[in-house]
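J.: Return a 3D structure for these sequence lines:
(one chain, ligands or ions: 2)
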Amino acid sequence: MPDNPTPEIIDALWVNAQLATMKPDNPYGMIKNGAIAVSEGKLAWVGHEKDLPAEIRSAATRTHNARGACITPGLIDCHTHLIYGGSRVREFELRLLGASYEEISRQGGGIVSTVSATRKADEDRLFHESGRRLSAIISEGVTTVEVKSGYGLDLETELRMLRVAKMLEDAFPVTVCPTYLGAHALPEEYRNRSDEYIDFVCDRVIPAVASQQIAQAVDVFCETIGFSLEQTERVFKASRDRGLPVKLHAEQLSDQGGAALAARYGALSADHLEYLSEDGAQAMAASGTVAVLLPGAYYFLRETHLPPIDLLRRYGVPMALATDCNPGSSPATSPLLMLNMACTLFRLTPEEALAGVTRFGAAALGLGKVKGTLEIGKDADFVLWDISDPAELAYRFGFNPCRQVVRNGTPIESDHFEDDTSNT
Ligand code: NIG
Ligand code: FE
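T.: Ligands and ions are numbered 1, 2, ... in the order given. Here you go, the predicted structure:
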């Protein structure tokens, strides 16, 4: 039973709920017949309803009857590229005719074609188009989303993308964690001069991003069609010098040793990891770097080389899960579908999958102390689902049982929301 002192103000109470707290103590951190109290946007009490102190019950300004709903922490989509211009539907057709993602990229398609479209799109257009994708993601219970730049590559467009990330946070009920991903692809104007482009990223853009405090982390695409290990390390050093944490697109299409490098720089996460080696997994475990699994990209690129889940388990590397929402490798806006794919394609358990979009999704963003589990003192971000067992979130696909999202202790208006509220 929680032993925290009772806060004076209890803004709201939820009773008659099944709490999947996602604390690691028991499967799903489950508390049957649970209650949650919220004070000033934080979780003030979480536990068995029978243990709810009378003073909390009577102090609550509002009491919500969850009517048996399963409550989980707000979902965290810790890897997206949801801000971009244009579409890559032609490229999808080319790939169906046999061209590979790498071939298309080497022929000047792929990421750089999205760069052209994004450079042409003004802030309003980017906001409007990415807002539609963000709404779809939020409708499935996401309360925190990471958003990368990386489709501008020049200073002006990268900063525009990061400003749009902030505009989205101001307009939607979601916490947005912006990441600068300048080293995503080589822009046309730097053709055959990739080291000079990395100079530009390190000497011009990272200082600007840091001084404007417009991104919370820096990412790199370390790959044969991206940037080399040496170039990646230069970006990591420049980020470290400016106090910006790093993360990495690592071993997606080949083993470059990126995950071990990321671990050496204390990266928050290394993401994709289909070609991760045992040394890489060990290094990640030692540094506490989270493995972010992206089954949408694996599926959409028809990849056949599975990420080494058993190695990650064996070394105790925390596994997060995300949509990778982007126009080229994962045009996905359904975190719930990712739960199902993580189980069917990667053989994660439903509990591991749910931990991947809650506890470990938070860790991948450096937010493990404030989000990701239902624990006293953390942000009151949670979701009421019309399910009787949390495993159902991974079991079904193409179905959204989200009844109500609560963010910072406040229920978010939604068409599906039915509440049973009584004032006490
Ligand atoms: O996570 N791998 C690099 N970046 C994205 C794909 C971006 C794109 O194709 O537009 C990814 O898969
Ligand atoms: Fe990505």
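J.: For the stretch 51-200 of the chain, what lies in contact range of ligand 1?
T.: 81, 110, 111, 114 (C-beta under 6 Å from any ligand atom). The way it works is simple: take the backbone N, C-alpha and C, and place the C-beta from them, glycine included.
J.: run the last query once more with 5 Å
T.: Within reach of ligand 1 by C-beta under 5 Å from any ligand atom, the stretch 51-200 of the chain has these residues: residue 111.
J.: how many neighbours does the residue in the chain positioned nearest to ligand 1 have?
T.: Of all residues in the chain, residue 328 sits closest to ligand 1, with a separation of 2.2 Å (C-beta to the nearest ligand atom). Look at residue 328: counted by other C-beta atoms under 10 Å, it has 24 neighbours.
J.: Equivalent analysis for the one 10 residues further on, please.
T.: Using other C-beta under 10 Å, residue 338 is surrounded by 30 other residues.
J.: Can you name the element that comes right after the helix or strand harbouring it?
T.: Using DSSP states H and E, residue 338 maps to helix 335-344. Using DSSP H and E, the helix or strand that follows helix 335-344 in sequence is helix 350-356.
J.: Which is the succeeding secondary structure element to that next one?
T.: helix 359-364.
J.: Going by neighbour count, which residues in the helix holding residue 338 are buried?
T.: 335, 336, 337, 338, 339, 340, 341, 342, 343 (16 or more other C-beta atoms under 10 Å).
J.: Pick the one among these closest to residue 303.
T.: Nearest to residue 303 among the buried residues of helix 335-344: residue 341, at 11.9 Å, using C-beta to C-beta.
J.: related to what we said a few turns ago, state the pLDDT value of the residue of the chain closest to ligand 1.
T.: Among the per-residue scores, residue 328 holds a pLDDT of 97.
J.: where does the spatially closest residue to it that is not a sequence neighbour land on pLDDT?
T.: Nearest residue to residue 328 in three dimensions, chain neighbours excluded: residue 88, at 5.0 Å (C-beta to C-beta, 6 or more residues apart in numbering). For residue 88, the pLDDT comes out at 96.
J.: Same check on residue 54?
T.: pLDDT at residue 54 comes out at 95.
J.: what's around it, how many residues?
T.: Around residue 54 there are 8 residues (other C-beta under 10 Å).
J.: For residue 87, which non-adjacent residue is closest in space?
T.: Nearest non-adjacent residue to residue 87, counting by C-beta to C-beta, 6+ apart: residue 327, 6.1 Å away.
J.: For residue 166, see how far away that neighbour is.
T.: Here residue 327 is placed at a distance of 21 Å from residue 166 (C-beta to C-beta, to the nearest Å).
J.: so where's the stretch 301-424 of the chain uncertain?
T.: 414-424 (pLDDT under 70).
J.: show me where it has strands.
T.: In the stretch 301-424 of the chain, strands defined by DSSP state E, counting those that start in this stretch lie at 319-321, 382-385, 402-407, 410-411, 421-423, listed in chain order.
J.: what's the neighbour count on the residue nearest to residue 87?
T.: Around residue 327 there are 24 residues (other C-beta under 10 Å).
J.: Give the full set of residues in contact with residue 152.
T.: With contact set as C-beta atoms under 8 Å, 6 or more residues apart in numbering, residue 152 has these partners: 115, 118, 119, 158, 159, 160, 161.
J.: repeat that for 6 Å
T.: Applying C-beta atoms under 6 Å, 6 or more residues apart in numbering to residue 152 gives the contacts 118, 158, 161.
J.: element containing the first one, please.
T.: Applying DSSP H and E as the criterion places residue 118 in helix 111-120.
J.: Tell me the helices and strands packed up against that helix.
T.: Packing contacts for helix 111-120, counted by 3 or more C-beta pairs under 6 Å, 6 or more residues apart in numbering; DSSP states H and E, involve no helix or strand.
J.: quick one: the residue nearest to residue 87 and residue 169, what's the gap?
T.: Counting by C-beta to C-beta - residue 327 and residue 169 are separated by 21 Å.
J.: Ok, residue 281 next?
T.: From residue 281 over to residue 169 (counting by C-beta to C-beta), the distance is 34 Å.
J.: Which residue would you name as the spatial centre of the chain?
T.: Nearest to the mean C-alpha position of the chain, by C-alpha atoms, centre = their mean, lies residue 78 at 1.4 Å.
J.: Am I right that it is in contact with residue 147?
T.: No: taking contacts as C-beta atoms under 6 Å, residue 78 lies outside contact range of residue 147: 10.5 Å.
J.: highest average neighbour count across the strands of the stretch 301-424 of the chain?
T.: strand 319-321 (a mean of 28; mean count of other C-beta atoms under 10 Å).
J.: what's that strand in contact with?
T.: Residues contacting strand 319-321 (C-beta under 6 Å, 6+ apart): 78, 290-293, 312, 338, 342, 353, 356-357, 360-361, 364.
J.: quick revisit: what's the ChimeraX syntax to select whichever of the contacts of residue 152 are buried?
T.: This is the ChimeraX syntax for the buried subset of those, where burial follows 16+ other C-beta under 10 Å:
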select :118,158,161
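J.: Make a markdown table from the contacts of residue 152 and add distance to residue 198 to it.
T.: Output for the contacts of residue 152, formatted as a markdown table (distance: C-beta to C-beta, whole Å):
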| residue | distance to residue 198 |
| --- | --- |
| 118 | 20 |
| 158 | 14 |
| 161 | 19 |
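J.: Show me which of the contacts of residue 152 is closest to residue 206.
T.: Nearest to residue 206 among those: residue 158, at 10.4 Å, using C-beta to C-beta.
J.: show me what contacts that closest one?
T.: Counting by C-beta under 6 Å, 6+ apart, residue 158 touches 149, 152, 182.
J.: How about the last one, nearest residue that isn't a chain neighbour?
T.: I take that to be residue 182. residue 201 (4.3 Å).
J.: do the first one as well
T.: Nearest non-adjacent residue to residue 149, counting by C-beta to C-beta, 6+ apart: residue 161, 4.1 Å away.
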